[in-house]
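Q: task: produce atomic coordinates for the following.
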Amino acid sequence: MLGEAEKISRLMDQAREAAQIGDLTTALYWANQAARLVPHDPDPKLLQGDIELARNCFHDAAKHYREALRRKPDLVAGHGNLGVAWLRQGDLQKAQKCFERVLHLCPKDSTALLNLGNIAQTQCQLDIALDWYLQAIVADPACVEAMNNAATLLYAAQDFQQSIQMLEQALRIAPSYAEAHNNLGNALCATGNLSAAIVAYRRASELNSGHAGAWNNLGNALVDGGDLEQGITALRRAIQLNPDYPVTYSNYLMALNYMPQLSLDDLLQAHAAFDRRFGRKAETGIQRRLKNTDGRIRVGYVSPDLRQHPVAYLIEPVLAKTDLSRVELFCYADMAKADAVTERLKTYGHAWRNIQGKSDDTVASMISKDRVDILVDLAGHTSLGRPALFARRLAPVQVSWLGYFCTTGLSTMDYFIGDAISTPKEWQPHFSEKLALLPQTRFCYRPPTEAPPVVELPALQGKPFTFGCFNNLAKLNAEVIALWSKILFANPDSRLILRARFLDDIKTRHAIESRFRSAGAPLERIEMYGQVPHRTLLEAYGKIDLALDPFPFGGGMTSLEALWMGVPVLTLMGGRVAGRQTASFLQALGMEEFIASTPEEYINRAKEIGGQKGLLSDTRNTLRERMRTSSLCNERAFTRDLEAQYQQMLDASPAS
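A: Below is the predicted model:
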């Protein structure tokens, strides 16, 4: 016959065995039996709490842990597990007290240190969180979760090398830690090591095939390297795994913009699917306009790019030249880290709201409090954009402008700002928004103060005629590569210079070379260079005679900078906004001879222009002044035209 102690031990063992195989109901039954036999023993109560925690019954788990602690107040596991139960219920204050009690009893408890780091991170106390994680690693050099979490904070602080080292340390201990592989991919990508990042993302998705974040990151990385088809396949997989995450769907839509075979209607249907999935269920209804006592229109700009970024450079003229007697501006900045450009934009004196890390509910409340009349999205479905925020209908009039180059698909987005060249009015059926066309171009360009002077045409210095493109690799699709290869053959002594982020990565560069090789291009006449500081990038235009615009996604800021450096851009005007931006610039400058309408014309014009070195030299020497005096750089006129559009939109709004 079993003694009482042996019987209790057996009941506890049966409970643990049942819990191990996932039979939590049976496990709880045996634990309850043991607890009834020894009402003053903390161990059965502790086990009951653990089982309830596994069943996600956090309230009941906390009750059992508290009972165990009444029986033994210095029970370290009781305080630690009670902290976890509070954490799961979202009560950070009570959880923090539990973990602090654990440290009082056991100062080197790595789990308590880790959890205190998690609490601090949740409360956006990032420096404190990092310190807790580092303490956890000292207490337990094998605490890979603390290493992973510390690495994410180092990444957020842009200390990418330290982040990589921390993650590599974690993976030496736990090679199958999928989340660490995923985060390693992020840090590698940030340092320009794209091919290694892709390997890390692939490994994360192999170890955890249901890791939607890894598939999303893999898709973005493949697209960044110009592998559009595989990238889009990975993004679709991420959507399947987590269909309710709008960021992945936006990444997918962004990638579709690079695909040459898609029509405007294809793009509209894909974007409309985003609206069906994320938009209409979030809409809160059109707000009534509450007019300013001073009669001014209140305009809000929402962007993650109010920093060193093309969007910031293109919005700056408007911030500088806004008529403050007619318009009151609000900037909703969604950046983790400000820079010198951010600080410069703030000096224009408009209301500045930091919305980084804030929920859509919180941002919606801020915008409502500001009583914004017209809310302008400067990002759309680009990286870190928040189209789901605009799906809520946060202002009487909502507008897409500047950062995105296609319909957003949102039924709550009222207008898309374009111009007659980049967004012909006959394209209206392919946009969910109404087209609002500015009289000149949809961009206004403020030249960079750090731009070096224009230099003599390289072809007149005894050098081979040089074509060039500084656009990102995602734009170099097979059709572009094939056409540029033909241009090189049509100009036997010419060469081509490519400069883009990730071309410093050897495997990525070899992949691009392989695509040119498959197109029959003479690789010995193609030079590739990676990312450099902005002034150095501008100086690099001094080695180019004629820039080639890719398609169907052409240059925006890239084309403007080439033109400012005296380098004409040959463009193939396509059937997308992004494929006609350069044509819009050239039209504004009276340089229609650099606009081709067919691939054949594109090749022929490249050859003709290459033979007109005198004309190119004259163009090069006068282009900067031509831009300076054109509508492209007329900040005041552009801003007045934009403000007139805003007034028309508001006058037509049923919410006015």
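
Q: Ile487 and Arg525 touch, don't they?
A: No - Ile487 is beyond contact range of Arg525, at 10.9 Å (criterion: C-beta atoms under 8 Å). C-beta coordinates here come from the backbone N, C-alpha and C atoms, glycine included.

Q: who has more neighbours, these two?
A: Using other C-beta atoms under 10 Å, the more surrounded residue of Ile487 and Arg525 is Ile487, with 22 against 18.

Q: contact partners for the most centrally placed residue in the chain?
A: With distances taken as C-alpha atoms, centre = their mean, Ser383 lies nearest the centre of the chain, 2.5 Å away. Taking C-beta atoms under 8 Å, 6 or more residues apart in numbering, we find Ser383 in contact with 251, 254, 304.

Q: grab the nearest non-local neighbour of the last one.
A: Sequence neighbours aside, Leu384 is the residue nearest to Pro304 in space, at 3.6 Å (criterion: C-beta to C-beta, 6 or more residues apart in numbering).

Q: the one you found: which element?
A: Per DSSP states H and E, Leu384 falls between elements, in no helix or strand.

Q: state the distance from it to Gln645.
A: Computed as C-beta to C-beta, to the nearest Å, the Leu384 to Gln645 distance reads 26 Å.

Q: pull the residues that contact whichever helix or strand Ser9 is part of.
A: According to DSSP H and E, Ser9 maps onto helix 4-20. Here helix 4-20 makes contact (C-beta under 8 Å, 6+ apart) with 2, 24, 26-31, 33-34, 37-38, 41, 43-44, 47, 50-51, 54.

Q: change it to 10 Å
A: Identification of contacts with helix 4-20 by C-beta atoms under 10 Å, 6 or more residues apart in numbering yields 1-3, 23-38, 41, 43-44, 47-48, 50-51, 54-55.

Q: average pLDDT for that helix?
A: Mean per-residue pLDDT for helix 4-20: 79.

Q: show me where the stretch 551-656 of the chain has strands.
A: For the stretch 551-656 of the chain, the strands defined by DSSP state E, counting those that start in this stretch cover 569-572, 595-596.

Q: right, I mislabeled it, should have said the stretch 251-400 of the chain
A: 297-303, 327-333, 351-354, 374-377, 397-400.

Q: still on that earlier bit, can I get the strands of the stretch 551-656 of the chain in TSV with mean pLDDT?
A: Formatted as TSV, the strands of the stretch 551-656 of the chain follow (pLDDT from 0 to 100):
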stretch	mean pLDDT
strand 569-572	98
strand 595-596	98
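
Q: looking at these, which is buried most?
A: Greatest average neighbour count among the strands of the stretch 551-656 of the chain goes to strand 569-572 (a mean of 26), per mean count of other C-beta atoms under 10 Å.

Q: gap between that one and the chain center?
A: Relative to its chain's centre, strand 569-572 lies at 28 Å (C-alpha atoms, centre = their mean, to the nearest Å).

Q: quick one: strands adjacent to it?
A: If you go by DSSP bridges, strand 569-572 pairs up with strand 546-548 (parallel), strand 595-596 (parallel).

Q: can you list these in JSON lines and add distance to Trp215?
A: Below are those laid out as JSON lines (distance: least, C-beta to C-beta, whole Å):
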{"stretch": "strand 546-548", "distance to Trp215": "33"}
{"stretch": "strand 595-596", "distance to Trp215": "38"}
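
Q: looking at those strands, which is closest to Asp493?
A: Asp493 lies closest, by C-beta to C-beta, to one member of those: strand 546-548, at 13.8 Å.

Q: could you list the low-pLDDT ranges of the chain?
A: Applying pLDDT under 70 to the chain picks out residues 1-3, 280-290, 292-293, 655-656.

Q: CSV please, covering the strands of the stretch 551-656 of the chain and showing distance to Ala170.
A: Shown next, in CSV, are the strands of the stretch 551-656 of the chain (distance: least, C-beta to C-beta, whole Å):
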stretch, distance to Ala170
strand 569-572, 46
strand 595-596, 52
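
Q: surely Ile417 touches Phe431?
A: No - assessed by C-beta atoms under 10 Å, Ile417 is found out of contact with Phe431, at 11.2 Å.

Q: who has more neighbours, those two?
A: Phe431 (23 against 20).

Q: which residues are in contact with the closest residue to the more buried one other than its chain neighbours?
A: Nearest non-adjacent residue to Phe431, counting by C-beta to C-beta, 6+ apart: Thr407, 4.3 Å away. Residues in contact with Thr407 (C-beta under 10 Å, 6+ apart) are 253, 264, 267-268, 270-272, 275, 380-381, 400, 413, 416, 427, 430-433, 435, 577.

Q: number of nearby residues for Thr622?
A: Neighbour count for Thr622, taken as other C-beta under 10 Å: 12.

Q: so it touches Gly566, yeah?
A: Yes - at 8.5 Å, Thr622 and Gly566 qualify as touching, with contact defined as C-beta under 10 Å.

Q: any common contacting residues for those two?
A: Val454.

Q: got any residues that touch both of Ile487 and Arg525?
A: What both Ile487 and Arg525 touch, as defined by C-beta under 10 Å, 6+ apart, is the set 467, 494, 496.
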